[in-house]
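Asks: Just a sequence and a predicted model for now, questions to come.
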There are 2 protein chains.
Amino acid sequence: MQLREWLIGSPLPTHLMADERLSKVQALAAFSPDALASIAYANQEIFLGLVVAGAAGLVYSWPIAIVITGVLMVVGLSYFQTIHAYPNGGGSYTVARENLGTLPGLVAAAALMIDYVLNAAVSVTAGVAAIASAFPALWSYRVGLSLLLLAIITLANLRGIREAGTFMAVPVYLFIGVYLLMIGVGLVRAWQTGGTSFAVTAPPAQVPLTLVLILHAFAAGCTALTGVEAISNGVPAFKPPESRNAGLTLVAMTGLMAVLFLGTVGLTQYFAVVASSEETILSALARRVFGPGFFYLLVQGTTLVMLAVAANTSFAGFPRLASIIAQDGYLPRQFSFLGDRLVFSNGIIALAGLASLLIVIFNAETHALIPLFAVGAFLAFTLSQSGMVWHWWRTGGAGRWPKLLINSLGALLTLTALIVIVVSKFIHGAWIVILLLPLGVLLFLTIQGHYQEVARELTLTGLPPSLLPLPRPRIVVPVSGVHRGVIEAMRYARSISDKVTAVYVEITPGSGKRIRQAWEHWECDVPLEIVPSPYRSTVGPFLEFLDRTDHEHNDGQLATVLLPEFVPAKWWQLPLHNQTAWLIKLALLYRRRKYGKTRAVIDIPFFLRR
Amino acid sequence: MQLREWLIGSPLPTHLMADERLSKVQALAAFSPDALASIAYANQEIFLGLVVAGAAGLVYSWPIAIVITGVLMVVGLSYFQTIHAYPNGGGSYTVARENLGTLPGLVAAAALMIDYVLNAAVSVTAGVAAIASAFPALWSYRVGLSLLLLAIITLANLRGIREAGTFMAVPVYLFIGVYLLMIGVGLVRAWQTGGTSFAVTAPPAQVPLTLVLILHAFAAGCTALTGVEAISNGVPAFKPPESRNAGLTLVAMTGLMAVLFLGTVGLTQYFAVVASSEETILSALARRVFGPGFFYLLVQGTTLVMLAVAANTSFAGFPRLASIIAQDGYLPRQFSFLGDRLVFSNGIIALAGLASLLIVIFNAETHALIPLFAVGAFLAFTLSQSGMVWHWWRTGGAGRWPKLLINSLGALLTLTALIVIVVSKFIHGAWIVILLLPLGVLLFLTIQGHYQEVARELTLTGLPPSLLPLPRPRIVVPVSGVHRGVIEAMRYARSISDKVTAVYVEITPGSGKRIRQAWEHWECDVPLEIVPSPYRSTVGPFLEFLDRTDHEHNDGQLATVLLPEFVPAKWWQLPLHNQTAWLIKLALLYRRRKYGKTRAVIDIPFFLRR
């Protein structure tokens, strides 16, 4: 308990709720790292996709970046409209569900949840791999280090979102500042020294340039967009007015993404920077701009930390999405409960558990996880944008056409990217996500079916307005001997009923006789039944006795079982006692449900003092 | 349940008990493999101990074997007398405890239990290592294979001792037959061809021959004696007359051990057989006698199987010893309960668990486990023989002196061997056993102390002959809403008391008002209390309400807690419910014990149909 308080902090009362909201500056740090950090690998993917076609290919990186930025603008605009249309959050899930129906909504939900988990795992392992690249001695401990980093992020989030926001803000703004500085210095250098052509620097082409190649590089670069939806899911976490603040934060984030993405790709092309196979293209660009030294190392360092912090976006988004889905009854209700630090603790713990599982299964190999990534994000984008198209069609007035067109274009673009991603990455791991999606939807529907069934079984509808009171219960007490615990139990039993029977299950032949003598010596007014147990089990003969006595009395009720129970003073003493009471309770709850009638169980604890 | 029946068999009634006893032929197969198989490594240890001194050393193997056989005879004779003096079994533990006192008895018990566990682990890993030596592809799966072999032996023992005896008898008698054949054929060859001298065959001496070297080889060869005590612990497993049958089996086993040991060592010396570093001395002897071919492979094969079967001796001895110690209150009582197949199932499972732990920790390396072995056996021998000396001194008449002298000699010899083993193997692992022994004794004493304390707290002594009946209980029911489960609970509560209060813990502000409306609409005559929960916990505010209401009523009793509890139809539905009832019960049992008074807890299960 004290450890818990030291790690997570004291409980916070509910009325502090509004104070735990995020300012725009904090929210940008909490929700944007996933989106901003993805620029790092998107750059790399475009470069790797085009460099095989040599200079003829690399010159397409600027047009591709322009198109992707265009898609980003369309997607960003769509989510800006979504934030105002759906101020309670939910993003793609809510939009798809309300406009396209339950099933597309659940598909979007499953896709987003899978992507949140993957983002946490990919970001953490990529960060650890970067640290381990710098310090090779750490390489064989990557799984352990990834789990440790994940545990630190989990604890920070369990403490509460405001503190988590503060915790994460420093590296995020450092990353943004350092990258803006690099682009600024790069522009000055470009104005001073002029550019070069890829024809001078690029390695010779290995394959001819084709449309397929360009489309593939475009789709690979689209990973830059993963994480854009985080803000729209988290609208309720903003300080009021929530929609306005969330919208402005989205604009800031999308703008920053565009500047950083276009700036880095543009400078790369202007200086015709190429990278060797053992360096990232961003690293090569940073060295071209700053030269080797402090600022180069600063760019690399902040990139690594940003990648690690990107995992935190999942910890802001996943628990919120899970709580929205749980409120709709498609996930266990516990996900919608606020923990004592005013965060959705269960969602945070579930995400940490699933991400840990991925890290262990994939042995902390980022490269093995990447093909699973982005499928979910683009499926959710497509569903969300299609939902918005339908939304404008239904609700929009005369001015709906521009908005509808933007969303249609977005849906078309993200669908195209999705198809290219699925086709090109299918055998490398995308099939796992394709398989998990319907399983996730099935899980959602099964859970909701159960909750609906429970509500049906519990409803008071159809119940007669006044129920007859129950007769005084018959009580059966299993006893293991004649001692103080049994006496306490008998006194209680006699205080609530005059129909009490004690039962002794005789395992060692002859022991029953001794018990009966002790019982008679005690002069108790409760009759004692001795039940033989030829197979030396206590529970079986006791349950048979219950059946027999219920049958004999035939009074429409099941006998209440009263259990005298030892509670040892220390936990290690538990295995020294026989736990028969516990076994009987388990048998009554899970083996005896065939009756369909209620059999009450009364525990009379006897606290051992030492 | 069906799987359990297929694996272990149907329950057996207690009256079949006598039928499950072992005949002498079965008992020899069940109790002797440990002792007989230990000849295999004892031979090897003597050879390795002497060969460093060349021919001058090796000629001492025959005298050493004679002395060890002498010790064996003395130890065997002592246990023969013990079997008749203590027909209820217990061996070294009982003898040491009754004659030397509780503490020496417990030391002997801890020593024997450690040795049983080690024997199981050593025998299983040695068997698997032998198989893996023949099929190198299995080498990297030794841990898994050892655990599998252990699981098979465990299941055979859980089925019951008669079937276990039958299962193990074939390889044991095959081993005995093959070894007797080898000695017979060896004697014929010796008569036909004559012997050789070690001066011809032995490698040159590396160290001079010293008394220390001879003592060391003697002590190493004493491992041949491990397992001799098994029969004396297992007397009650024999068919009546138990002592007579056990005694005759002990004579047969000791005789076989002597014949096999002297026969193999004698032939080795007569033929002056030496082995290379990649062969055991028994393997070299078998090749010398039979030549390479079928019979050589048969000797090797039966040795391997016998080594594996030797693990079974522990499964016969450990559970019986544990049950005797448990009956004396030094181990959890569960070890003395007969399982439904008339075996001490808990002891079998505990042994399997501990041996598995050793196998995993020592990575299935027999060589790493051997230094831990034999310390326990010789400590138990020494204590047992000392106990017998005292026994004859106390109880013997005029004819006590021969028996007393034999036991004194035995005690002296086994003590000498023990000291040499501990000193020479201390840093190689014997220290672990030296450390575990006092911890085991401490565990025994702690457990017995707890049972005595419980007996004190439970005794009826000092209780007034007639206790006042308790007043009608006050009942508090935590409710989560107004539904059928709550209505069932209220009907039961009203049937046993008219002082019933329902309590709703209000986590979401405002929800209490809705519940009160539903409650009033239902027209229940039970008052409803709404308790606010600023920190969103259910259990804490409920416990505070209990304290408050007990304090207000001040009637000398604690309110009974009645818990309406959902029981879902399927196990996977459990995490979909909140388990508040379970948390409240846990808190009442373990956080609320400070009261020292009994607070009854009533469960009213509501069985969900689907």
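Replies: Sure thing, it's come through.

Asks: OK, contacts around A:Ala110?
Replies: A:Gly376, A:Leu436, A:Leu437, A:Gly440, A:Val441, A:Phe444 (Cβ atoms under 8 Å, 6 or more residues apart in numbering or on different chains). (Glycine included, C-beta is placed from N, CA and C.)

Asks: I'd like the distance between it and B:Thr382.
Replies: 69 Å (Cβ to Cβ, to the nearest Å).

Asks: And the one helix or strand A:Arg189 maps to, how far out from the chain middle?
Replies: In this structure, A:Arg189 sits in helix A:161-193 according to DSSP states H and E. Distance of helix A:161-193 from the chain centroid (Cα atoms, centre = their mean, to the nearest Å) equals 29 Å.

Asks: The residue of chain A positioned farthest from its centre: what's its closest spatial neighbour, skipping adjacent residues?
Replies: Most distant residue from the mean C-alpha position of chain A: A:His521, 62.6 Å away (Cα atoms, centre = their mean). Nearest non-adjacent residue to A:His521, counting by Cβ to Cβ, 6 or more residues apart in numbering or on different chains: A:Val482, 8.0 Å away.

Asks: Extract the CA atoms of the helix or strand of chain A with the lowest mean pLDDT and return them as PDB.
Replies: Lowest mean confidence among the helices and strands of chain A (mean pLDDT, DSSP states H and E): helix A:2-8, at a mean of 71. The C-alpha trace of helix A:2-8 is given here as PDB (Å, rounded to 0.1, in the frame of the first residue of the first chain):
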ATOM      1  CA  GLN A   2       2.800   2.400   0.900                       C
ATOM      2  CA  LEU A   3       4.800   1.300  -2.100                       C
ATOM      3  CA  ARG A   4       1.700   1.900  -4.200                       C
ATOM      4  CA  GLU A   5       1.400   5.500  -2.800                       C
ATOM      5  CA  TRP A   6       5.000   6.200  -3.400                       C
ATOM      6  CA  LEU A   7       4.800   5.000  -7.000                       C
ATOM      7  CA  ILE A   8       1.500   6.300  -8.100                       C
END
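
Asks: ok, then the element right after it?
Replies: Helix A:2-8 is succeeded, C-terminally, by helix A:24-31 (DSSP H and E).

Asks: Residues touching that following helix, excluding its own?
Replies: By Cβ under 8 Å, 6+ apart, helix A:24-31 touches A:22, A:161-162, A:164-166, A:168-169, A:172-173, A:230-231, A:234, A:237-239, A:245-246, A:248-249, A:252-253, A:312-313, A:316-317.

Asks: average pLDDT across it?
Replies: Summarised as a single mean, pLDDT over helix A:24-31 is 86.

Asks: Can you give me the buried ones in that helix?
Replies: A:Gln26, A:Ala27, A:Leu28, A:Ala29, A:Ala30, A:Phe31 (16 or more other Cβ atoms under 10 Å in any protein chain shown).

Asks: Check stretch A:520-531 too.
Replies: A:Trp522, A:Cys524, A:Val526, A:Leu528, A:Val531.

Asks: How confident is the prediction for the last one, by pLDDT?
Replies: What the model reports for A:Val531 is a pLDDT of 94.

Asks: Find the nearest non-adjacent residue to the residue positioned nearest the centre of chain A, please.
Replies: In chain A, the centroid-proximal residue (Cα atoms, centre = their mean) is A:Leu351; its distance is 3.3 Å. Take A:Leu351 and drop its neighbours on the chain: the residue closest to it by Cβ to Cβ, 6+ apart is A:Phe318, 4.4 Å away.

Asks: likewise A:Val289?
Replies: Using Cβ to Cβ, 6+ apart, the nearest residue to A:Val289 is A:Gly186, at 4.6 Å.

Asks: per-residue pLDDT, the one you found?
Replies: 93.

Asks: A:Ile447 too?
Replies: 94.

Asks: Which helix or strand contains it?
Replies: With DSSP H and E as the criterion, A:Ile447 is inside helix A:430-458.

Asks: Distance from the chain centre to that helix, please.
Replies: With Cα atoms, centre = their mean, you get 16 Å for helix A:430-458.

Asks: Packing partners of it?
Replies: helix A:102-134, helix A:375-395, helix A:400-425, helix B:484-496 (3 or more Cβ pairs under 8 Å, 6 or more residues apart in numbering or on different chains; DSSP states H and E).

Asks: Counting by contacts, list what the last one packs against.
Replies: Here helix B:484-496 is seen to pack against helix A:430-458, strand B:475-478, strand B:500-506, strand B:560-567, strand B:601-607 when contacts are counted using 3+ Cβ pairs under 8 Å, 6+ apart.

Asks: just to revisit the earlier point, mind listing what's buried in the helix holding A:Ile447?
Replies: Quick answer for helix A:430-458 (16+ other Cβ under 10 Å): A:430, A:433, A:436-437, A:440-441, A:444, A:447-448, A:450-451, A:453-454, A:457-458.

Asks: List just the nearest of the residues you listed to chain B.
Replies: When the buried residues of helix A:430-458 are compared for distance to chain B (Cβ to the nearest Cβ), A:Leu458 wins out at 3.8 Å.

Asks: surely the closest one meets B:Ser480?
Replies: No - counting by Cβ atoms under 8 Å, A:Leu458 stays clear of B:Ser480, with 10.2 Å between them.

Asks: and the stretch 251-400 of chain A, which residues reach chain B?
Replies: Within reach of chain B by Cβ under 8 Å from any Cβ of the partner chain, the stretch 251-400 of chain A has these residues: A:Pro332, A:Arg333, A:Gln334, A:Phe337, A:Leu338, A:Gly339, A:Asp340.

Asks: ok, the fifth one to A:Asp547 distance?
Replies: Which is A:Leu338. 46 Å.

Asks: quick one: which of those two has more around it?
Replies: A:Leu338 (19 against 13; other Cβ atoms under 10 Å in any protein chain shown).

Asks: State whether the more buried one is indeed within a helix.
Replies: No - going by DSSP: H, G, I helix; E, B strand; the rest coil, the assignment for A:Leu338 is coil, not a helix.

Asks: Quick check: nearest residue in space to it, chain neighbours excluded?
Replies: A:Leu338's closest residue in space is B:Arg536 (Cβ to Cβ, 6+ apart), at 5.6 Å.

Asks: show me the contacts for A:Arg97.
Replies: Applying Cβ under 8 Å, 6+ apart, the residues contacting A:Arg97 are A:Gly90, A:Pro104, A:Gly105, A:Leu106, A:Ala108, A:Ala109.

Asks: roughly how far apart are A:Asp328 and A:Ala322?
Replies: For A:Asp328 relative to A:Ala322 (Cβ to Cβ), the value is 11 Å.

Asks: between these two, which one's more packed in?
Replies: Taking neighbours as other Cβ under 10 Å, A:Asp328 and A:Ala322 compare with A:Ala322 leading, 25 against 19.

Asks: I'd assumed that one was in a helix, is it?
Replies: Yes - with three-state DSSP as the criterion, A:Ala322 is part of a helix.

Asks: so which residue of the stretch 101-250 of chain A comes closest to chain B?
Replies: A:Gly160 (13.2 Å).

Asks: Do I have it right that that residue meets A:Gly9?
Replies: Yes - between A:Gly160 and A:Gly9 there is a contact under Cβ under 8 Å: 7.1 Å.
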